[in-house]
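[1] the following comprises the amino acid sequence and a computationally predicted model.
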Amino acid sequence: MRARASVAAALFAFSFVLPALGQDAPGPSPPPDTPPPASGPTAASLHAEGTELLANGRVAEACTKLAASVALEKSHLVLSDLARCHELQGRTATAYQEHVEASVLAEKAGDADRATRARDSASRLAPRLSKLRVEVVEPISGLVVKRDGVELAADQLGALLVIDPGLHVVTAEAPGREPFRAEVRIGPDADAKGVLVPKLTKKKGKTLPPIEDPTAKRPEGDGRVGASPVRIAGFVTGGIGFVGVVMGTIFGIQTLIDVGEAEDDQRLCPNKECTPLGRLAIDEAETKGIASTASFAIGGTFLATGITLFLVDAFVLEKKPDEPERAFVVPWAGPTGGGVAAGVSF
């Protein structure tokens with residue numbers, strides 16, 4: 001009887017242990033966190049939207065979508081569509097460069113057909129490309145020349161560079177010099193224009209005049225303090241003449257270089273037979289030749305006058321302080337020419 005009671009007690013205790021074990025057992029661990037899907041459009045979706053907009057004639061929106069697709073992932077397929085879009089906008093230079101880049105990418109991808117089509121599109125646009133030449137009269141230290149906010153390299157200055165038609169801004173600046181800014185409007189269909197950056201003038205600083213000591217002794221001698229009016233007039237006139245001669249030299253050399261480059265360029269003058277664009281480039285160079293001749297003539301006249309005034313000042317007789325000499329410079333013109341007359345009165 002006692003053995004049966006022990007077995008019953010053991011079974012009763014075991015029935016309570018099992019539920020307790022089931023309650024204390026750990027449940028299955030939660031699945032690890034998975035990253036959320038990437039948000040925002042992809043290059044493929046932007047390309048698809050752009051081509052659809054382009055097919056519906058919404059060119060500006062299409063170009064924006066296609067450019068965003070290229071920014072995410074550069075593909076020759078998207079570049080070709082973007083070039084076609086920019087061509088419809090009249091941005092021929094941009095479209096030309098994109099066709100060329102698309103042909104290179106297509107060749108790397110092994111797509112020979114797309115590469116050929118991109119090259120053909122670039123060749124078709126080439127005769128219609130407009131150009132802009134930016135030249136600098138004095139390439140001083142620290143000079144920075146920009147076209148539409150983008151700095152031009154040294155080898156780009158003086159060269160005919162392809163550019164999209166429209167309004168463009170050329171700026172130039174250097175330490176201690178006044179900045180330069182010019183606007184030029186480029187037309188479509190092989191238009192060519194130039195911008196000449198002049199010599200940048202020095203910035204004018206605000207300086208107070210020196211205070212003269214009334215008790216100080218004045219120098220003895222001919223009574224002239226500092227440079228005489230004759231010498232100042234000589235320096236000014238001679239300086240103007242020197243600048244004119246230098247400008248004439250620069251324009252003359254540039255004329256010879258430009259004409260030679262145009263005649264040697266097979267795209268402008270194949271077999272020395274110039275195309276309209278080549279003729280335009282030569283005409284621009286010949287215009288500089290006229291400017292060179294005029295600068296030489298005017299500069300030479302002023303330079304000779306300045307030298308004359310300087311020599312006159314060197315041989316001025318000793319004068320009293322109350323009898324200052326007076327210099328004069330008078331332009332003259334006649335039936336056979338003109339010039340500048342200069343002299344001094346005592």
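    Sure thing, it's come through.

[2] please enumerate the strands of the stretch 151-300 of the chain.
    160-163, 166-173, 180-186, 192-197 (DSSP state E, counting those that start in this stretch).

[3] the last one versus strand 180-186: what angle between them?
    Okay, so that is strand 192-197. Using axes from the mean of the first three to the mean of the last three CA atoms, to 10 degrees, one finds that strand 192-197 and strand 180-186 are set 180 degrees apart in direction.

[4] list of residues touching strand 192-197?
    130-137, 145, 160, 170, 172, 180, 182, 184, 186, 277, 280-281, 284 (CB atoms under 8 Å, 6 or more residues apart in numbering). (Glycine included, C-beta is placed from N, CA and C.)

[5] now, of those, which are buried?
    Buried residues within the contacts of strand 192-197, counting neighbours by 16 or more other CB atoms under 10 Å: 130-137, 145, 160, 170, 172, 180, 184, 186, 277, 280-281, 284.

[6] mind giving me the domain split of the protein?
    For the chain, automatic domain parsing gives the domain ranges 43-128, 130-197, 229-345.

[7] residues of the helix or strand that contains L53 that come out buried?
    Using DSSP states H and E, L53 falls within helix 43-55. Within helix 43-55, the residues that qualify as buried are A43, L46, H47, E49, G50, T51, L53, L54, counting by 16+ other CB under 10 Å.

[8] state the mean pLDDT of that helix.
    For helix 43-55, the mean per-residue pLDDT is 94.

[9] tabulate the CA atom coordinates of it in PDB.
    What follows is helix 43-55, C-alpha atoms only, in PDB (Å, rounded to 0.1, in the frame of the first residue of the first chain):
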ATOM      1  CA  ALA A  43      19.100  55.300 -63.600                       C
ATOM      2  CA  ALA A  44      17.000  52.800 -65.600                       C
ATOM      3  CA  SER A  45      13.700  54.400 -64.400                       C
ATOM      4  CA  LEU A  46      14.900  57.900 -65.200                       C
ATOM      5  CA  HIS A  47      16.000  56.700 -68.600                       C
ATOM      6  CA  ALA A  48      12.600  55.200 -69.300                       C
ATOM      7  CA  GLU A  49      10.800  58.400 -68.100                       C
ATOM      8  CA  GLY A  50      13.100  60.600 -70.200                       C
ATOM      9  CA  THR A  51      12.500  58.600 -73.400                       C
ATOM     10  CA  GLU A  52       8.700  58.600 -72.900                       C
ATOM     11  CA  LEU A  53       8.800  62.400 -72.300                       C
ATOM     12  CA  LEU A  54      10.900  62.800 -75.400                       C
ATOM     13  CA  ALA A  55       8.500  60.800 -77.500                       C
END
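
[10] mean confidence for stretch 248-263?
    73.

[11] again with stretch 63-71
    Rounded mean pLDDT across stretch 63-71 is 95.

[12] show me the contact partners of that stretch.
    Counting by CB under 8 Å, 6+ apart, 41, 43-44, 46-47, 49-51, 53-54, 75, 78-79, 81-82, 85-86, 89 sit against stretch 63-71.

[13] low-confidence stretches in the stretch 51-200 of the chain?
    Confidence mapping of the stretch 51-200 of the chain against pLDDT under 70 gives zero matching residues.

[14] do a quick rundown of the helices in it.
    Counting by DSSP state H, counting those that start in this stretch, the stretch 51-200 of the chain has helices at residues 59-72, 76-88, 92-108, 112-125.

[15] quick one: closest of these to T301.
    In terms of CB to CB, the element of the helices of the stretch 51-200 of the chain nearest to T301 is helix 92-108, at 43.9 Å.

[16] which elements pack onto the closest one?
    helix 76-88, helix 112-125, strand 160-163 (3 or more CB pairs under 8 Å, 6 or more residues apart in numbering; DSSP states H and E).

[17] how about JSON lines for the strands of the stretch 151-300 of the chain, with distance to A102 added?
    Compiled in JSON lines, the strands of the stretch 151-300 of the chain are given as follows (distance: least, CB to CB, whole Å):
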{"stretch": "strand 160-163", "distance to A102": "17"}
{"stretch": "strand 166-173", "distance to A102": "23"}
{"stretch": "strand 180-186", "distance to A102": "24"}
{"stretch": "strand 192-197", "distance to A102": "26"}
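
[18] ok so, going back, got a markdown table for the buried residues of helix 43-55, with distance to G205 too?
    Below are these laid out as a markdown table (distance: CB to CB, whole Å):
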| residue | distance to G205 |
| --- | --- |
| A43 | 54 |
| L46 | 54 |
| H47 | 57 |
| E49 | 57 |
| G50 | 54 |
| T51 | 59 |
| L53 | 56 |
| L54 | 56 |
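
[19] what's the closest of the residues you listed to S103?
    Looking across the buried residues of helix 43-55 and measuring by CB to CB, the closest to S103 is H47, at 18.4 Å.

[20] roughly how far apart are the closest one and K65?
    Here the criterion is CB to CB, to the nearest Å. By it, H47 lies 8 Å from K65.

[21] for G57, which residues are in contact?
    No contacts exist for G57 under CB under 8 Å, 6+ apart.

[22] fine by me, we can end here.
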